[in-house]
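Participant: model the structure of this input:
(one chain, ligands or ions: 1)
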Amino acid sequence: MTSLSELKNFLSLPKNITITAHRNPDGDAVGASLALAHYLKKQNHDVSVVLPSEYPESLFWMKGIHDILVYDTEEKQALDKIERAELFFCLDFNSLDRIDKAGEAMLKNKNAKIVTIDHHLYPEGFSDLLISDPQASSTCEMIYTFITDLGDADLIDHTIGDCLYTGILTDTGSFKYSTSSRLFRVVADLLDRGVDDYHLQNLIFNSMTEKQLRLLGHCLNNRMEIIPEYSTGIITLTKEDYANFDIKRGDTEGIINNLLRLKEVDVAAFIMEQPTIVKISLRSKDDISVQELAQKHFRGGGHKNAAGGASFHNLTATVNKFKEILPLYFQKKTFH
Ligand SMILES: [Mn+2]
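Facilitator: Here you go, the predicted model:
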């Protein structure tokens, strides 16, 4: 299976299909998985979504989310779905290390075809059919195009629309990054299909817990450092912060974007001390790319304006390493 028309043929009879997306799934990964699952179920396929790790609580309102199998905690059921699948959809990632053990299990199932739909740069070659578009705002935007290209735009109802809109909204930071006229046309069509954008904005963004807002205050007040000569901002979180604020999955989401609200900051780094590694998230403005820095120095990758990776040094050493690398990538500014 190497073309969309072959896939369409394959899908003309009910199949066992397993959808997966990357570890620590975000709004785009979960939204794309559920949207595709709802669409395929409408065509009588037997569909399951298997994610490597837990999805964020902020998305619990999404229809079908509690049917998702989490490999970390439901390994047996997840493996069963992976072993029985005739077709895999890999969404919102393009290298198998993003799905850990689920990837190994998937490759063992030699009877199944693999279709990847993703908007990250430099896809690995593990798929039978690769639909890659680094220009797309989100995998959710690509799922819309995918369903439309299969001739099934009419099947996009407001349930599918809600899922797609969620991924678009979160991956573009409420239409702040990687937008295009094409994206706005997609969104206009989703609204025509019954998506309530105001309601979804509230569900997704105005639903912080008090703890999360206080943690944001702590980060900005006590853990932020600005390096003016490299237009860079850094926020760090220590193990003690994780304990004191009882930080759970999803609690730190979006904190990094606050650094870019500063006029003088073009590059933002969020460096988190985790139990065994130190994680680093990077964001940038305009044409400044953080992708290569993440890939070369922190075993990671991502997009031009949003990338990440990890380090096996301690927190201080990782922060120092990041500061030492800055001159390799960014012009030093002089002040008069
Ligand atoms: Mn995405």
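
Participant: now whichever residue of the chain sits closest to the ion. Nearest residue, chain neighbours left out?
Facilitator: Closest approach between the chain and the ion, counting by C-beta to the ion: D28, at 3.4 Å. C-beta: built from backbone N, CA, C; applies to glycine. Leaving out its chain neighbours, the residue that sits closest to D28 by C-beta to C-beta, 6 or more residues apart in numbering is G167, at 3.7 Å.

Participant: buried residues in the helix or strand hosting that neighbour?
Facilitator: Assessed by DSSP states H and E, G167 sits inside helix 158-171. For helix 158-171, burial by neighbour count (16 or more other C-beta atoms under 10 Å) applies to 159-171.

Participant: is the residue of the chain closest to the ion located within a helix, as I assumed?
Facilitator: Yes. Applying DSSP: H, G, I helix; E, B strand; the rest coil, one finds D28 inside a helix.

Participant: isn't it up against T139?
Facilitator: Yes. In this structure, D28 is within contact of T139 by C-beta atoms under 8 Å, at 5.3 Å.

Participant: more neighbours: which of these two?
Facilitator: Between D28 and T139, T139 has the larger neighbour count (other C-beta atoms under 10 Å), namely 33 against 28.

Participant: just checking, what packs against the helix holding G167?
Facilitator: Secondary-structure packing of helix 158-171 (3 or more C-beta pairs under 8 Å, 6 or more residues apart in numbering; DSSP states H and E): helix 27-42, helix 139-149, helix 181-192, helix 197-205.

Participant: G300 is nearest to which of the ones you listed?
Facilitator: helix 27-42 (16.4 Å; C-beta to C-beta).

Participant: flag every buried residue along the following helix or strand past that closest one.
Facilitator: Note on helix 27-42: by DSSP H and E, the next helix or strand toward the C-terminus is strand 46-51. Applying a neighbour-count criterion of 16+ other C-beta under 10 Å, one finds V47, S48, V49, V50, L51 buried in strand 46-51.

Participant: any chance of the residues you listed in JSON lines, plus distance to the ion and pLDDT?
Facilitator: Shown next, in JSON lines, are the buried residues of strand 46-51 (distance: C-beta to the ion, whole Å; pLDDT from 0 to 100):
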{"residue": "V47", "distance to the ion": "20", "pLDDT": "98"}
{"residue": "S48", "distance to the ion": "21", "pLDDT": "98"}
{"residue": "V49", "distance to the ion": "16", "pLDDT": "98"}
{"residue": "V50", "distance to the ion": "18", "pLDDT": "97"}
{"residue": "L51", "distance to the ion": "14", "pLDDT": "97"}
